[in-house]
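Peer 1: I need the structure of the sequence given here:
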Amino acid sequence: MTTPETTFDATFIFEFVKGDDELGFLSGMYSYHDNGFEDRVFTFEYTFPSDHKIKFGTCKWETANDFDLVSSISTLYRTGC
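Peer 2: The predicted structure is shown next:
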C-alpha cells in the first residue's frame, strides 16, 4: 500500500493501521528534492504482515556518500534489532 505524496514545507503524519487492532509497518520510502523549496516530497510504502510474525535480519545504517545522515523519524513502537 502507498501513502499520498507529502507536500513541500509541511509536516506529515501517517498511521499504518487497518481496523481496530492490525498494525502495519513501513516497507519502503521514495523522495525527490526541489532546489527552489530546498525540501523533499516523500511517498511511503507500508504493509500488513499476514501471519502477524515479523522476522528481521541484520540491521545497520549504510551510507552512500557524505550527505547520507540519519533523519529524525518518530515511531509509535520501537524495537531493537
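
Peer 1: need the pLDDT of residue 4.
Peer 2: pLDDT for residue 4: 91.

Peer 1: partners of the nearest residue to it once chain neighbours are set aside in the sheet?
Peer 2: Nearest non-adjacent residue to residue 4, counting by CB to CB, 6 or more residues apart in numbering: residue 43, 7.7 Å away. Bear in mind the C-beta positions are built from the backbone N, C-alpha and C, glycine included. On the basis of DSSP bridges, residue 43 is bridged to residue 30.

Peer 1: looking at it, residue 43 is touching residue 29, isn't it?
Peer 2: Yes - at 7.5 Å, residue 43 and residue 29 qualify as touching, with contact defined as CB atoms under 8 Å.

Peer 1: partner strands of the helix or strand of the chain with the lowest mean pLDDT, with direction?
Peer 2: One helix or strand of the chain scores below all others by mean pLDDT, DSSP states H and E: strand 22-23, with a mean of 77. Strand 22-23 sits in its sheet next to strand 17-18 (antiparallel), going by DSSP bridges.

Peer 1: what about the strands in the protein?
Peer 2: Assigned by DSSP state E, the strands in the chain fall at 17-18, 22-23, 25-34, 39-47.

Peer 1: how about these, which one is nearest residue 9?
Peer 2: strand 39-47 (5.6 Å; CB to CB).

Peer 1: what are the contacting residues of that closest one?
Peer 2: 1-9, 12, 14, 16, 24-34 (CB atoms under 8 Å, 6 or more residues apart in numbering).

Peer 1: may I see the buried residues of that strand?
Peer 2: By neighbour count on 16 or more other CB atoms under 10 Å, the buried set for strand 39-47 is 41, 44, 46.

Peer 1: pLDDT weak spots in this protein?
Peer 2: Residue ranges of the chain with pLDDT under 70: 51-57, 59-81.

Peer 1: at 50 what do you get?
Peer 2: 78, 81 (pLDDT under 50).

Peer 1: one step back: quick check: the residue nearest to residue 4 vs residue 50, distance?
Peer 2: For residue 43, the distance to residue 50 equals 23 Å [CB to CB, to the nearest Å].
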